[in-house]
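> test case, fold it:
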Amino acid sequence: MVFYFKARPEAGDYTIFMGLDKYENEELIKYGFPEDIWFHVDKMSSAHVYLRLQKGQTIDDISEGLLEDCAQLVKANSIQGNKVNNIDVVYTPWSNLKKTPSMDVGQVGFHNSKMVRTLSVEKRINEIVNRLNRTKVERTPDLKAVNAAERAERKQHMREKKRREELERLEKERQAEIRSYKGLMVSEKMTSNKQIAETSKSLQELEDDFM
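Numbering: from 1, shown residues only. The predicted structure is shown next:
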């Protein structure tokens with residue numbers, strides 16, 4: 001089971017989601033998307049909350065409002081973190097999550113700690129949590145199938161992109177060749193038949209020279 005939430009409308013069309021338990025979290029870790037940003041209460045047990053960005057966006061594109069929604073949701077879904085004030089929430093791109101065979105179910109590390117950011121949360125804001133909960137939808141998606149379909153779409157997109165780039169390259173080469181040919185054909189560099197006739201010796205002159 002995965003729970004889906006809609007972020008504040010003024011921030012744009014963004015979906016926030018989290019797994020029902022550590023086993024569902026394991027699937028989310030395994031089958032995430034490059035646009036997913038992972039959130040967790042620092043040094044405390046909490047839900048794994050994800051924000052799915054638009055394609056092409058990065059962690060630097062997250063607005064303050066979106067960050068606040070995600071931070072409040074992850075705090076509200078931490079047994080210990082929901083009871084205390086002044087907690088830290090860590091977040092990082094899904095691609096930075098590290099999973100090794102020795103880790104427990106739902107446990108995760110990082111490939112690069114420098115890519116992990118920290119957000120301070122002073123207290124729970126019920127207005128935000130309640131608004132998010134009103135948009136809550138429960139689903140049981142086939143994450144593996146969804147991920148495979150997304151990967152296939154991305155591969156097709158990359159093939160099309162490479163094809164466009166190759167066509168653009170060939171067109172640039174063709175245009176360069178045309179410009180080069182035109183440069184050779186400019187009038188200043190050409191010799192007309194009249195000029196050849198004026199500078200060439202007549203048949204009679206050639207016969208005189210021979211004699």
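> can you give me the pLDDT of residue 149?
Note on residue 149: pLDDT of 46.
> repeat that for residue 24.
Residue 24 is given a pLDDT of 86.
> just the CA trace of the helix or strand it falls within, in PDB.
Element membership for residue 24, per DSSP states H and E: helix 22-30. Provided in PDB are the C-alpha atoms of helix 22-30 (Å, rounded to 0.1, in the frame of the first residue of the first chain):
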ATOM      1  CA  LYS A  22       9.000  -0.800   6.000                       C
ATOM      2  CA  TYR A  23       8.300  -3.500   3.400                       C
ATOM      3  CA  GLU A  24       6.600  -1.000   1.100                       C
ATOM      4  CA  ASN A  25       9.400   1.400   1.800                       C
ATOM      5  CA  GLU A  26      11.800  -1.200   0.500                       C
ATOM      6  CA  GLU A  27       9.900  -1.300  -2.800                       C
ATOM      7  CA  LEU A  28       9.900   2.500  -3.000                       C
ATOM      8  CA  ILE A  29      13.700   2.500  -2.500                       C
ATOM      9  CA  LYS A  30      14.100  -0.100  -5.200                       C
END
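> how about low-confidence regions in this protein?
142-162, 182-211 (pLDDT under 70).
> can you rerun that using 50?
149, 152-153, 155, 157, 206 (pLDDT under 50).
> show me the residue at the heart of it, geometrically.
The residue lying closest to the centre of the chain (Cα atoms, centre = their mean) is residue 56, at 3.5 Å.
> buried ones in the helix holding residue 24, by neighbour count?
24-29 (16 or more other Cβ atoms under 10 Å). Yep, even glycine has a C-beta here, placed from its N, CA and C like the rest.
> bridging residues for the closest residue to residue 52 other than its chain neighbours?
Excluding its sequence neighbours, the residue lying closest to residue 52 (Cβ to Cβ, 6 or more residues apart in numbering) is residue 15, at 5.1 Å. Beta-bridge partners for residue 15, by DSSP bridges, are residue 6, residue 52.
> tally of neighbours for residue 15?
The criterion is other Cβ atoms under 10 Å. On that basis, residue 15 has 14 neighbouring residues.
> ditto for residue 89
Residue 89: 25 neighbours (other Cβ under 10 Å).
> element containing it, please.
Going by DSSP H and E, residue 89 is in strand 87-93.
> can you list the helices and strands that the helix or strand following that strand packs against?
Per DSSP H and E, the first helix or strand lying C-terminal to strand 87-93 is strand 97-98. If you count contacts as 3 or more Cβ pairs under 8 Å, 6 or more residues apart in numbering; DSSP states H and E, strand 97-98 packs onto strand 109-110.
> mind listing what the strand it packs on pairs with, with the direction of each?
strand 97-98 (antiparallel).
> how far is the strand it pairs with from where the chain is centred?
17 Å (Cα atoms, centre = their mean, to the nearest Å).
> stretch 110-129 too?
That offset, for stretch 110-129, works out to 21 Å (Cα atoms, centre = their mean).
> lovely, talk soon.
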